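Enquirer: need a structure here:
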Amino acid sequence: MQQAAKSTAVLAGLGVLLLLAALWGWRAATEPFPGKAETRRCVTTPVAAGAKVFPAQVLVSIYNASERNGLAGQTMDLFVDAGFAEGDSGNAPADSEVGTAAIWTDTPTSPDVLLVASRLGPEVEIVRREGRGIGVMVLVGDGFSELVKGDRRVVAEDDGRICSPPVG
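Expert: Numbering: from 1, shown residues only. Okay, here's the model as predicted:
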């Protein structure tokens, strides 16, 4: 009789564990999925004077100020192929008058701006103006055709901050 009591107690304990596991499984299976996590596309990165800034550290947004369809996307592809990180792209604001290329920025001597400008050639105009989008805001006009060789890196002359893509 003692053996039967032990077997009954073990089976009862296993039954309780099975019931708890089933309840936990049901709760987990009927719980809603977590929402999509917001990923940041731009991380403000401090740059010390004398530090080198490379294309992979620079986020570029391209806007079409020309009559040519798809120029912003084509230019973005050129920048990405050159190692820059992809920001926003689209049409430039209606009041944009750009011959070849322009950069709108609040920090015209920032190393990320200078690095991007070096790839746009000597005719690029750097305008102190509030930009939209993320990173360095480039506007391309009807006179733009391709990137030039430009600098492989720029050394920061002063302490500052740049918009970099998130790591990892």
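
Enquirer: residues in contact with stretch 134-141?
Expert: Surrounding stretch 134-141, the residues in contact under the criterion Cβ atoms under 8 Å, 6 or more residues apart in numbering are 41-42, 58-66, 71-72, 75, 79, 85, 87-88, 92, 96-105, 112-113, 116, 120, 131, 163. C-beta coordinates here come from the backbone N, C-alpha and C atoms, glycine included.

Enquirer: Show me the domain layout of this structure.
Expert: For the chain, the structural domains run 1-31, 43-164, going by automatic domain parsing.

Enquirer: Just put these in JSON lines and tack on mean neighbour count and mean pLDDT.
Expert: Conversion of the domains of the chain to JSON lines gives the following (neighbours: other Cβ atoms under 10 Å; pLDDT from 0 to 100):
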{"stretch": "domain 1-31", "mean neighbour count": "9", "mean pLDDT": "84"}
{"stretch": "domain 43-164", "mean neighbour count": "18", "mean pLDDT": "93"}
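
Enquirer: Which ones among the contacts of stretch 134-141 lie within strands?
Expert: 59-64, 85, 87-88, 101-105, 163 (DSSP state E).

Enquirer: Is residue 27 in a helix, a strand, or coil?
Expert: Taken by DSSP: H, G, I helix; E, B strand; the rest coil, the conformation at residue 27 corresponds to helix.

Enquirer: how close does it get to residue 153?
Expert: When Cβ to Cβ, to the nearest Å is the yardstick, residue 27 and residue 153 sit 54 Å from each other.

Enquirer: how about the closest residue to residue 148 other than its chain neighbours, what does it touch?
Expert: In space, residue 148 comes closest to residue 121 once its chain neighbours are excluded; the distance is 4.6 Å by Cβ to Cβ, 6 or more residues apart in numbering. When contacts are counted by Cβ under 8 Å, 6+ apart, residue 121 is found next to 100, 101, 147, 148.

Enquirer: pretty sure the first one is in contact with residue 143, am I right?
Expert: Yes: the pair formed by residue 100 and residue 143 meets the contact definition of Cβ atoms under 8 Å, at 3.9 Å.

Enquirer: Now for those two: what residues contact both?
Expert: In contact with both residue 100 and residue 143: residue 123, using Cβ under 8 Å, 6+ apart.

Enquirer: Tell me which stretches of the protein form helices.
Expert: Secondary structure of the chain, counting by DSSP state H: helices at 2-30, 71-81, 111-120.

Enquirer: Alright, calling it a day.
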